[in-house]
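S.K.: return a 3D structure for these sequence lines:
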Amino acid sequence: MKYDIYYIDAFTDKLFSGNPAAVVFSDISDSTLMQNIAAENNLSETAFIREDEGNYHIRWFSPHCEIDLCGHATLASAYVFFNYISPDEKIFSVRSLKNGILTVSQNDDLLLLDFPKDQIELFDDISSIESTIGVKPIEAFKGRDDILAILESEDVIKNLNVDFESLIKLDARGLIVSSAGTNYDFVSRFFAPATGVDEDPVTGSAHTTLTPYWSQKLNKTNLTAAQLSKRGGVLYCEDKGDRVIIGGKATQYLKGNIFI
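M.R.: Presented below is the predicted three-dimensional model:
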């Protein structure tokens with residue numbers, strides 16, 4: 001079988017920045033095959049979208065495992081949907097296994113994810129975080145999938161020296177580190193070696209955790225954010241109660257075929 005595959009850089013309007021995701025619209029439903037394709041792609045996520053009786057279903061795979069929720073690959077999937085699958089549509093709606101129906105809408109060249117807001121609780125084991133990043137957080141929280149550590153400044157965020165072997169032992173998918181920003185409301189980085197990705201370039205799902213925290217901290221509902229990875233990316237976030245809007249741009253790198 002031959003399937004179309006797209007590589008899309010998400011949360012950026014420039015090639016070779018943002019977070020690259022692979023997108024496959026197909027009838028593939030076998031989990032093992034999806035995992036093998038994702039491992040072969042070796043990107044932080046590959047999104048598989050399958051249509052069934054007019055409804056689209058999405059699953060996300062890292063090189064090592066299936067992911068419950070992925071923002072940048074959903075954004076990339078919406079880009080493919082609007083440009084190749086159904087150009088007349090303005091809303092891309094997909095059903096996920098664990099997070100219900102997710103939608104992406106178009107606003108000029110901005111794509112807007114509508115995701116469920118994370119619920120966070122205080123995380124007391126500050127020493128376990130300090131041992132992995134070499135810096136003591138101001139405070140820390142545990143969310144649905146990840147641990148969020150608040151650090152002193154943007155400079156501290158940029159200059160972290162992370163012990164990835166130690167980080168794998170944390171009881172979480174990954175570690176988000178964040179601080180108030182200089183040119184943005186807040187900045188962050190995201191580390192998830194347990195999924196096969198030491199540092200994710202730009203992480204949409206992490207902003208379901210970051211947005212409510214910084215919205216409350218800064219007393220504003222609309223926020224700009226930057227993820228300070230080597231590739232970097234910019235996000236436009238809005239706290240809408242039990243939902244979070246995460247906006248970003250996307251650009252296409254590749255359209256090709258895989259042969260199974």
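S.K.: enumerate every residue touching residue 220.
M.R.: Contacts of residue 220 were listed using Cβ atoms under 8 Å, 6 or more residues apart in numbering, and they are residue 185. Yep, even glycine has a C-beta here, placed from its N, CA and C like the rest.
S.K.: helix or strand: which one has it?
M.R.: Taking DSSP states H and E as the criterion, no element holds residue 220; it sits outside all helices and strands.
S.K.: do you know how far it is from residue 186?
M.R.: Counting by Cβ to Cβ, to the nearest Å, the separation of residue 220 from residue 186 is 11 Å.
S.K.: can you show me the CA trace of the helix or strand residue 213 falls within as PDB?
M.R.: Here residue 213, judged by DSSP H and E, is contained in helix 207-218. As requested, the backbone C-alpha atoms of helix 207-218 are provided in PDB (Å, rounded to 0.1, in the frame of the first residue of the first chain):
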ATOM      1  CA  HIS A 207       0.400  25.000  27.000                       C
ATOM      2  CA  THR A 208      -2.800  23.500  28.300                       C
ATOM      3  CA  THR A 209      -0.900  23.500  31.600                       C
ATOM      4  CA  LEU A 210       1.100  26.700  31.100                       C
ATOM      5  CA  THR A 211      -1.800  28.900  30.000                       C
ATOM      6  CA  PRO A 212      -4.000  28.600  33.100                       C
ATOM      7  CA  TYR A 213      -1.000  29.000  35.400                       C
ATOM      8  CA  TRP A 214       0.200  32.200  33.700                       C
ATOM      9  CA  SER A 215      -3.300  33.500  33.100                       C
ATOM     10  CA  GLN A 216      -3.900  33.500  36.900                       C
ATOM     11  CA  LYS A 217      -0.400  34.800  37.700                       C
ATOM     12  CA  LEU A 218      -0.500  37.700  35.300                       C
END
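S.K.: in it, which residues are buried?
M.R.: The neighbour-count criterion (16 or more other Cβ atoms under 10 Å) identifies 207, 208, 209, 210, 211, 212, 213, 214, 215 as the buried residues of helix 207-218.
S.K.: any chance you could list what contacts that helix?
M.R.: With Cβ under 8 Å, 6+ apart as the contact definition, helix 207-218 has outside contacts at 69, 71, 115-118, 120, 141, 143-144, 146, 148, 150, 176, 178, 180, 185-186, 188, 221, 223, 225, 235, 237-239, 244, 246.
S.K.: report the buried members of those.
M.R.: When burial is judged by neighbour count using 16+ other Cβ under 10 Å, the buried members of these are 69, 71, 115-118, 120, 141, 143-144, 146, 148, 150, 176, 178, 180, 185-186, 188, 223, 225, 235, 237-239, 244, 246.
S.K.: among those, name the ones in strands.
M.R.: Among those, the residues falling in strands (DSSP state E) are 115-116, 141, 146, 148, 150, 176, 178, 180, 186, 188, 223, 225, 235, 237-239, 244, 246.
S.K.: tell me the contacts of the closest residue in space to residue 114 that isn't next to it in sequence?
M.R.: When the adjacent residues along the chain are set aside, residue 114 lies closest to residue 103, with 4.6 Å between them (Cβ to Cβ, 6 or more residues apart in numbering). With contacts defined as Cβ under 8 Å, 6+ apart, residue 103 is in contact with 91, 92, 93, 94, 113, 114.
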